[in-house]
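# Structural data only, the sequence is not supplied:
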Ligand code: PMP
């Protein structure tokens, strides 16, 4: 036991040395200054129990920088008004900031126009919107919707509902033992019946990056529309919907260091123009009589009711924050952290990493021979380390690997090697408790 603890402590000391050397190298390269970034996230400045918080659950939701918290506060403290219809100045200011956030989402995704950005609650709502408004009116018996084995439930269940409603069928592209879905695997199940392909850009459970551009090409060649679930990609890599060639791209603000309850759907203009509204109510109309209502053009026709104004403005602030850090620097930092974490976790006896794809982002899922994932989560929490345990809303992935759950560490821009070391030390404690 002592030897194990000592080994973990040695590892920490070594890592601290490495980190200093690396910090200097990173500064020289103009890479991100993680210490400065950490100071921008007030939630990191706390202890849980008597331990400093180590937050390794950003794939569930990222912590929020002060700039985001301030932007949200300012809406409620100063520009507190409903948007779009007000002539008074508070309403004009709130509208300007809300629409400014839409423009920021457009720039983040490199969408051609801001009219192609629908502001919604998040990825789940975005996918349901496309399912009900794009797929449902078009599909019938004999049609197929293609998803992959790497989906979050948010990119399975809305399609199953549409299949029930229309008689279409759900078809699944399988993954390899490493947790990769190749373009070949998608091609194997693509057919003239495929009307829509829905796939994740990055898997939340395993971190796998999918070859979205190639898959989109294949789908388009057969006349199928493509929806990309970008919930786990947008926080980690530059996204260019024009380069990807997809028809729809869904994101959640809260994974991107923004508030919960606000996200966006990119939809190609021709498609949004053809699609009927998803919900009816205020805001989304042009004229209303008891006989007939006509609708506003996209994106307004998809935005019934008062939105989460402060949330959307917060997402705008989050996008500014992330872009200021820069995706190149961010990606380099997270790549380093992934390599370090993969090696460090593998060095703990009995730890098995689930999902060994060549291209992974910011997620390490793992099992431990001596403990159920929930016990791992509970014990590492006693050490101040927050990880996620369970099926990660991706039960088919768990089933594929023959497990009910995994433990998952996921990273954000504020994580450093010391966080990984804290997790490794905590995993040694798990062994001490349960081996
Ligand atoms: N897709 C993926 C890949 C996700 O990780 C998540 C959130 N865990 C979702 C969809 C759903 O996102 P939200 O709950 O923000 O709608």
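Cool, got the structure. What you see is a predicted model, and the numbers here were worked out from it, not measured in a lab.
# quick one, helices of the stretch 151-300 of the chain?
Remark: helices assigned in the stretch 151-300 of the chain by DSSP state H, counting those that start in this stretch are 157-166, 183-189, 212-221, 241-244, 269-274.
# Would you mind putting those helices into CSV with mean neighbour count alongside?
Bear in mind the C-beta positions are built from the backbone N, C-alpha and C, glycine included. As requested, the helices of the stretch 151-300 of the chain are exported to CSV (neighbours: other CB atoms under 10 Å):
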stretch, mean neighbour count
helix 157-166, 18
helix 183-189, 16
helix 212-221, 18
helix 241-244, 17
helix 269-274, 15
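# Which one of those lies nearest to residue 430?
helix 157-166 (33.2 Å; CB to CB).
# and the chain, which of its residues are near the ligand?
By the rule CB under 6 Å from any ligand atom, the part of the chain lying against the ligand is 122-124, 152, 154-155, 200, 204, 229, 231-232, 252, 254, 393.
# switch to 8 Å and redo it
59-60, 121-127, 151-155, 200, 202-204, 229, 231-232, 250, 252, 254-255, 260, 263, 392-393 (CB under 8 Å from any ligand atom).
# Next, format the helices of the stretch 151-300 of the chain as CSV and append distance to residue 309.
Putting the helices of the stretch 151-300 of the chain into CSV (distance: least, CB to CB, whole Å) gives the following:
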stretch, distance to residue 309
helix 157-166, 26
helix 183-189, 39
helix 212-221, 32
helix 241-244, 25
helix 269-274, 22
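# Redo those as a markdown table? Include mean pLDDT.
Conversion of the helices of the stretch 151-300 of the chain to a markdown table gives the following (pLDDT from 0 to 100):
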| stretch | mean pLDDT |
| --- | --- |
| helix 157-166 | 98 |
| helix 183-189 | 98 |
| helix 212-221 | 98 |
| helix 241-244 | 98 |
| helix 269-274 | 98 |
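# which stretches of the protein have low pLDDT?
1-30 (pLDDT under 70).
# Which phi and psi values does the residue in it sticking out farthest from the centre adopt?
In terms of distance from the mean C-alpha position of the chain, residue 291 ranks first, at 42.4 Å (CA atoms, centre = their mean). Main-chain torsions, residue 291, degrees, to the nearest 10: phi -80, psi -40.
# From residue 284, how far off is it?
In this view, residue 291 and residue 284 are 18 Å apart by CB to CB, to the nearest Å.
# And for residue 39?
Residue 39 is 42 Å from residue 284, by CB to CB.
# ok, now residue 344?
As for residue 344, its distance to residue 284 is 51 Å (criterion: CB to CB).
# And residue 45, by the same measure?
Separation of residue 45 from residue 284 (CB to CB) stands at 42 Å.
# who's more crowded, these two?
Per other CB atoms under 10 Å, whichever of residue 45 and residue 284 has more neighbours is residue 284, with 20 against 10.
# I'd say the more buried one and residue 301 touch.
Yes. If you go by CB atoms under 8 Å, residue 284 and residue 301 touch, sitting 4.8 Å apart.
# Give me the common contacts of the two.
277, 295 (CB atoms under 8 Å, 6 or more residues apart in numbering).
# measure the closest residue to residue 202 other than its chain neighbours to residue 273 for me?
Of all residues not flanking residue 202 in the chain, residue 232 sits nearest, at 4.0 Å (CB to CB, 6 or more residues apart in numbering). Distance of residue 232 to residue 273, given as CB to CB: 29 Å.
# Am I right that residue 108 sits in a helix?
Yes. Assigned with DSSP: H, G, I helix; E, B strand; the rest coil, residue 108 falls within a helix.
# Excluding chain neighbours, give the residue nearest to it in space.
Closest residue in space to residue 108, ignoring its immediate chain neighbours: residue 319 at 5.1 Å, by CB to CB, 6+ apart.
# That neighbour contacts residue 106, doesn't it?
No. The pair residue 319 / residue 106 is not scored as a contact, 10.0 Å apart, by CB under 8 Å.
# These two: which has the busier surroundings?
For residue 319 versus residue 106, the count of surrounding residues by other CB under 10 Å is larger for residue 319: 23 against 19.
# dump the residue contacts of that one.
101, 104, 105, 107, 108, 256, 258.
# Try it again at 7 Å.
104, 105, 108, 256 (CB atoms under 7 Å, 6 or more residues apart in numbering).
# now residue 430
With contact set as CB under 7 Å, 6+ apart, residue 430 has these partners: 368, 370, 371, 376, 379, 380.
# Using just helix, strand and coil, how would you label it?
Classified using three-state DSSP, residue 430 is helix.
# Look up phi and psi at the closest residue to it other than its chain neighbours.
Nearest non-adjacent residue to residue 430, counting by CB to CB, 6+ apart: residue 379, 4.8 Å away. Per-residue torsions, residue 379: phi -70, psi -40 (degrees, to the nearest 10).
# Pick out the most distant pair among the contacts of residue 430.
370 and 380 (13.3 Å).
# The two: which has the busier surroundings?
For residue 370 versus residue 380, neighbours defined as other CB under 10 Å are more numerous around residue 380 (25 against 16).
# Run through the bridge partners of whatever residue of the stretch 251-400 of the chain ends up closest to the ligand.
Residue nearest to the ligand within the stretch 251-400 of the chain: residue 252 (3.3 Å; CB to the nearest ligand atom). Residue 252 has these beta-bridge partners by DSSP bridges: residue 263.
# What count of nearby residues applies to it?
Counted with other CB under 10 Å, residue 252 comes out at 29.
# That one and residue 230 touch, don't they?
No. Counting by CB atoms under 7 Å, residue 252 stays clear of residue 230, with 8.7 Å between them.
# so residue 342 is in which element?
Assessed by DSSP states H and E, residue 342 sits inside helix 327-346.
# Quick check: next helix or strand after that helix?
strand 351-354.
# PyMOL command for the buried members of the residues of the chain next to the ligand?
To isolate in PyMOL the members of the residues of the chain next to the ligand that are buried, counting by 16 or more other CB atoms under 10 Å, one can use:
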select buried, resi 59+60+121+122+123+124+125+126+127+151+152+154+155+200+202+203+204+229+231+232+250+252+254+255+260+263+392+393
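# Just the residues of the chain next to the ligand: which are in strands?
When DSSP state E is applied, the residues of the chain next to the ligand are split such that 200, 229, 250, 252, 263 fall in strands.
# mind putting the residues you listed in a markdown table, distance to residue 85 included?
Output for those, formatted as a markdown table (distance: CB to CB, whole Å):
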| residue | distance to residue 85 |
| --- | --- |
| 200 | 37 |
| 229 | 33 |
| 250 | 28 |
| 252 | 27 |
| 263 | 23 |
